[in-house]
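Q: Would you be able to build a 3D model of this:
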Amino acid sequence: MMDRIGYYLLKFAFATLARLPWWLLHGLCRTVAFLLDQGIGYRRGVVRSNLQRSFPEKSTEELRQIERDFYRQFAYNFLSTPKLLHQRPDRIASEYLIFPDLSPLEEAAKRYRCVLVALGHYGNWELFSSGQTQLSRIGYRLGQVYRKQKNQAVDRLFAEQRQRFGAEIIEKDKIIRHLRTYLDTPDERHGLIAMISDQAPGIGHANYFTDFLHQPTAILDGIERLATRYRLPVFYLDIERKSPTQFVARYIPFYDPEEGDLPPFTVTERYARLLEANIQRDPAPWLWSHKRWKRPLSNYPKATRSPRLEALLQEEHT
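A: Numbers count the residues shown, from 1 in each chain. So this is what the prediction gives:
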């Protein structure tokens, strides 16, 4: 009963945000950003520590500016999304989430029934589901891998939001079943399975560590295991922020099964480098409030370490 009430309250809140005029919504986002930063200091210690360790070369003032910008983007991500997702599909495609070149996916469709896409918590990842309207034009169906929320009201609302434009949501433990529908029963559609892969791996899943943003970092390797097992190409979704509500997205291929057998974790390492470059280009849109480095390398003596990480550790000990 409480979950049902919570769902309708959240739905009312989202509907209200969707109906606000842009000038008022911009003011609300900036006010909330100020309160998160200067008022309650939402996860300030985590944000500040993550930035300091990731950008040791930057001054205190430069880091503070990134921090302020992060809170601003964070507020926009949650408060402007209901309005963004209620725009006309053609307006979203031309003004808010712009894909200037889908030819890499069109080329992949000539040889493969399904492709995998790795992305991070960068920019407004909730807006990504609207990309289905553009993918439909080239014969793709978007499936987004997600983990169910503990709060049923939140889970239900976010599921509706992500499927608004025809995309599918895929529970984490049902990825292979979903994938097989494209490989075993081919039709005119091609599958695109998107996975946000920058979370800290859970206990028992931290198989690979590399030097990421100047720190030993565990990187999820699930997308590599899927790609090599089923011989599927992998793309990285590079995001360029133009404003808090406008993003340019590009599909960058970084693994093709025709490369043949590669050393283990090669694909995972490539993803880490692409995500890192995206963050370094414009740091603020990444989710700095996430406790990304909560599990130290010393807890995982059996995990594989990349050559980059070994070099970093050797440099620290000399």
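
Q: count of neighbours near Gln314?
A: Per other CB atoms under 10 Å, the neighbour tally for Gln314 reads 9. In short, each C-beta sits where N, CA and C put it, glycine included.

Q: All the strands of the stretch 101-250 of the chain, in order from the start?
A: Along the stretch 101-250 of the chain, counting by DSSP state E, counting those that start in this stretch, strands occupy 114-119, 140-146, 168-171, 190-196, 208-212, 215-218, 234-243, 246-255.

Q: How far away from the center of its chain is the second one?
A: Strand 140-146 has its C-alpha centroid displaced from the chain centroid by 13 Å (CA atoms, centre = their mean, to the nearest Å).

Q: swap in the fifth one?
A: Relative to its chain's centre, strand 208-212 lies at 18 Å (CA atoms, centre = their mean).

Q: quick one: average confidence on it?
A: Mean pLDDT, computed over strand 208-212, is 96.

Q: And for the third one?
A: With pLDDT averaged residue by residue, strand 168-171 scores 89.

Q: Which helix or strand in this protein has the lowest average pLDDT?
A: Least confident helix or strand, the chain: helix 152-162 with a mean of 78, by mean pLDDT, DSSP states H and E.

Q: now that helix and strand 140-146, what's the angle there?
A: Using axes from the mean of the first three to the mean of the last three CA atoms, to 10 degrees, the inter-axis angle of helix 152-162 relative to strand 140-146 is 160 degrees.

Q: Next, the buried residues of helix 152-162.
A: 153, 155-158, 161-162 (16 or more other CB atoms under 10 Å).

Q: Stretch 264-277 now?
A: For stretch 264-277, burial by neighbour count (16+ other CB under 10 Å) applies to 265-272, 274-276.

Q: Now for the residue positioned nearest the centre of the chain: which residues touch it?
A: By CA atoms, centre = their mean, the mean C-alpha position of the chain lies nearest to Gly120, the distance being 2.7 Å. Gly120 makes contact with 196-198, 275, 278-279, 286, according to CB atoms under 8 Å, 6 or more residues apart in numbering.

Q: How about residues contacting the least confident helix or strand of the chain?
A: Contacts of helix 152-162 (CB under 8 Å, 6+ apart): 3-7, 9-11, 14, 81-82, 85, 126, 129, 144, 146, 148-149, 169.

Q: Only the buried subset of those residues, as a PyMOL command please.
A: To isolate the buried ones among the contacts of helix 152-162 in PyMOL, judged by 16+ other CB under 10 Å, type:
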select buried, resi 6+7+10+14+81+82+85+126+129+144+146+169
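
Q: Alpha carbons of the least confident helix or strand of the chain, as PDB, please.
A: Extracted C-alpha coordinates of helix 152-162, given in PDB (Å, rounded to 0.1, in the frame of the first residue of the first chain):
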ATOM      1  CA  GLN A 152       9.300  -0.400  -5.600                       C
ATOM      2  CA  ALA A 153       7.700   3.000  -6.300                       C
ATOM      3  CA  VAL A 154      11.100   4.400  -7.600                       C
ATOM      4  CA  ASP A 155      11.700   1.200  -9.600                       C
ATOM      5  CA  ARG A 156       8.300   1.300 -11.200                       C
ATOM      6  CA  LEU A 157       8.500   5.000 -12.100                       C
ATOM      7  CA  PHE A 158      12.100   4.800 -13.500                       C
ATOM      8  CA  ALA A 159      11.100   1.700 -15.500                       C
ATOM      9  CA  GLU A 160       8.200   3.600 -17.100                       C
ATOM     10  CA  GLN A 161      10.500   6.600 -17.800                       C
ATOM     11  CA  ARG A 162      13.100   4.400 -19.500                       C
END
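
Q: can you give me the helices in the chain?
A: If DSSP state H is used as the criterion, the helices of the chain fall at 2-19, 22-34, 44-54, 60-79, 81-84, 89-91, 103-109, 132-135, 152-162, 175-184, 222-230, 266-281, 307-317.

Q: just to revisit the earlier point, ok, so of the buried residues of stretch 264-277, who is nearest Asp187?
A: Val267 (27.8 Å; CB to CB).

Q: The closest one contacts Thr228, correct?
A: Yes. Counting by CB atoms under 8 Å, Val267 touches Thr228, with 7.2 Å between them.

Q: For stretch 228-237, list the C-alpha coordinates in PDB.
A: Taking Å, rounded to 0.1, in the frame of the first residue of the first chain, the C-alpha atoms of stretch 228-237 are listed here in PDB:
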ATOM      1  CA  THR A 228      34.000 -12.600 -26.600                       C
ATOM      2  CA  ARG A 229      31.600 -15.400 -25.800                       C
ATOM      3  CA  TYR A 230      29.000 -14.400 -28.400                       C
ATOM      4  CA  ARG A 231      31.300 -12.700 -30.800                       C
ATOM      5  CA  LEU A 232      29.600  -9.300 -30.700                       C
ATOM      6  CA  PRO A 233      31.100  -5.800 -31.400                       C
ATOM      7  CA  VAL A 234      31.300  -3.300 -28.600                       C
ATOM      8  CA  PHE A 235      30.900   0.500 -28.800                       C
ATOM      9  CA  TYR A 236      31.500   3.200 -26.300                       C
ATOM     10  CA  LEU A 237      29.000   6.000 -26.000                       C
END
